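Q: Sharing a model that was predicted from the sequence below.
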Amino acid sequence: MKGIIFTEFLDIVERTFDLEVCQSMLDMADDPGVYTSVGSYEHQRLVKLIICLHKVTGVSPENLQQTFGRAVFPRLLTLLPNYDFTDSNTFDFIRSVESYIHQEVKKLYPDTTPPRFEFSNETETTLTMDYHSARCMGYVCLGLLEGCADYFEQHLDIALEPTTSKNSVRFHLSLSDN
């Protein structure tokens, strides 16, 4: 997992809670908290940080992941070179993650394995998406989807459905006027 995820996670924990909570989480995880945005780290380190943050704050790991995904979305957008958002909307952007963004990430970082999306049941206002990842970060993805809808100022109803595979979840997305 790229270091930018770790550096952003620590920054969001510090802003959302405070420096003491962040330090308590790092101490409990026996993690020095030293990451570079361009480094690569095992995703288990992030999982351990999330579990320790849960123990420090009492907030569920799923909620912490979702909150992180939503909060990190705008920052990840700034890292997309040459992506034109002019005529995009939430669904256009989500589709482009698989068809464009992950392809560009692989060019920059050939050793990376980004999650994979499969789309089905598409209409103008609904989309079913299967999220496949060996990192099992479905709730981070849920937060990223929410952050995407926030960015495009659209209301998105999202239902997360477990699948029979431990490495995937299904999202049912519906745009509404609310």
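A: Ah, there it is.

Q: and the strand or helix carrying Lys107, how far from the chain's centre?
A: Assigned by DSSP states H and E, Lys107 belongs to helix 102-108. Put simply, helix 102-108 sits 17 Å off its chain's centre (C-alpha atoms, centre = their mean, to the nearest Å).

Q: same deal with stretch 70-88?
A: Worked out by C-alpha atoms, centre = their mean, stretch 70-88 lies 13 Å from the chain centre.

Q: average model confidence for it?
A: Stretch 70-88 carries an average pLDDT of 81.

Q: again with stretch 126-133
A: So the average pLDDT for stretch 126-133 ends up being 95.

Q: one step back: packing partners for the helix or strand following the helix holding Lys107?
A: Using DSSP H and E, the helix or strand that directly follows helix 102-108 along the chain is strand 116-120. The helices and strands touching strand 116-120, judged by 3 or more C-beta pairs under 8 Å, 6 or more residues apart in numbering; DSSP states H and E, are strand 126-132. From N, CA and C alone the C-beta is placed, and that goes for glycine too.

Q: what's the angle between the strand it packs on and strand 116-120?
A: 150 degrees (axes from the mean of the first three to the mean of the last three C-alpha atoms, to 10 degrees).

Q: Strand 126-132 pairs with which strands?
A: Based on DSSP bridges, the pairing partners of strand 126-132 within the sheet are strand 116-120 (antiparallel), strand 168-176 (antiparallel).

Q: buried ones in the helix holding Lys107?
A: Residues 102, 105 are the ones in helix 102-108 that count as buried (16 or more other C-beta atoms under 10 Å).

Q: Need the contact partners of that helix.
A: Contact partners of helix 102-108, identified using C-beta atoms under 8 Å, 6 or more residues apart in numbering, comprise 80-81, 112, 114-116.

Q: Among the residues you listed, give me the pair with the biggest separation.
A: Pro81 and Arg116 (21.8 Å; C-beta to C-beta).
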